[in-house]
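>>> just to be clear, the model below is a prediction. Sequence and coordinates:
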Amino acid sequence: MKDLKFPLHFSFNIGTLSNDFTAKDAEGKTVAYVKQKMFKLKEAITIYSDTTKTKVDYTIAANKWLDFSAAYGFKDAQGNNLGKVARKGWTSIWKANYEIIDQQDKLQYRVSEANPWVKVLDSMLGEIPILGFFTGYFFHPTYNVTNLRDEVIVKLKKEPSFFGKEFKVELIKPIDNDDDDRIMLGLMMMVLLERRRG
């Protein structure tokens, strides 16, 4: 996922049983097809180069059975360790907080929810019959990726859509070194987890 043309758009496929989405760049080109394996005790994610699913680019796997404090390791197609994203346990119950860690186990970036009240209202109203169908058009949680200087590098925002199926990734500042893969893999895993939470 080098030389990405921002903004990126994540579009979930609501017509399948699996939790999957397509990532497209600003020109509408597919840069990844993300598929979560169903009925696994540990999260297992495969990132393909496109929707034909002929070429695997990356995999993401949890280090624990289903657990709100698990870490999710990234590997490329050759099995090389690229780092991981870890949910910040109890602090993530109220407000989503994740850490993106490099292959040397060093913290590189933090991902946090900009306004947790948006998600609370979205989740509460989403449980109300009929009204819940339209919450995807009213509430749009935003997640900020910040570096260790607390500068916002990337924003991920839920876009107006039925069933909360559209997300937009915007580049705010240039990404250091070759961290774009790690940041994108972290956001892909996070959006799967947060979308499931509501």
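Thanks, I have it.

>>> specify the beta-bridge partners of the residue nearest to N19 when sequence neighbours are not counted.
Nearest non-adjacent residue to N19, counting by CB to CB, 6 or more residues apart in numbering: Q36, 4.0 Å away. (Glycine included, C-beta is placed from N, CA and C.) When assigned by DSSP bridges, Q36 has beta-bridge partners N19, I45.

>>> tell me the pLDDT at the closest residue to D179 other than its chain neighbours?
With CB to CB, 6+ apart as the criterion, D179 has its nearest non-adjacent residue at 6.3 Å, and that residue is Q108. As summarised for this prediction, Q108 has a pLDDT of 95.

>>> ok, Q108 to V56 distance?
24 Å (CB to CB, to the nearest Å).

>>> which one's more surrounded, those two?
Between Q108 and V56, counting by other CB atoms under 10 Å, Q108 is the more crowded of the two (19 against 14).

>>> that one and L148 touch, don't they?
Yes - taking contacts as CB atoms under 8 Å, Q108 lies within contact range of L148: 7.3 Å.

>>> how many residues are close by the residue nearest to N19?
Q36 has 19 neighbours, counted by other CB under 10 Å.

>>> circling back: next, the buried residues of whichever strand or helix holds the residue nearest to D179.
Counting by DSSP states H and E, the element that carries Q108 is strand 107-113. Neighbour counts over strand 107-113 (16 or more other CB atoms under 10 Å) mark Q108, Y109, R110, V111, S112, E113 as buried.

>>> what do you get for stretch 147-155?
Buried residues in stretch 147-155 (16+ other CB under 10 Å): N147, I153, V154, K155.

>>> same question, stretch 2-15
Applying 16+ other CB under 10 Å to stretch 2-15 flags L4, P7, L8, H9, F10, F12 as buried.

>>> next one: that stretch to chain centre, how far?
11 Å (CA atoms, centre = their mean, to the nearest Å).

>>> how about residues contacting that stretch?
Residues from elsewhere that reach stretch 2-15 (CB atoms under 8 Å, 6 or more residues apart in numbering): 19-27, 29, 31, 34, 159, 163-171, 178, 180-181, 184, 188, 191, 195.

>>> how does it look with 6 Å?
20-27, 163, 165-171 (CB atoms under 6 Å, 6 or more residues apart in numbering).

>>> for E113, give me its contacts.
Residues counted as contacts of E113 (CB under 6 Å, 6+ apart) are K95, A96, Y143.

>>> try V169
Residues in contact with V169, defined by CB under 6 Å, 6+ apart, are P7, L8, L156.

>>> can you show me the helices along this protein?
Here the chain has its helices, by DSSP state H, at 91-94, 116-126, 131-138, 180-197.

>>> return the distance of the closest residue to A114 other than its chain neighbours relative to N177.
Spatial nearest neighbour of A114, chain neighbours left out: T142 (4.2 Å); criterion: CB to CB, 6+ apart. From T142 across to N177, the span is 25 Å (CB to CB).

>>> higher neighbour count, the two?
T142 (16 against 8).

>>> that one reaches E159, doesn't it?
No - here T142 lies out of contact with E159, judged by CB atoms under 6 Å, at a distance of 10.6 Å.
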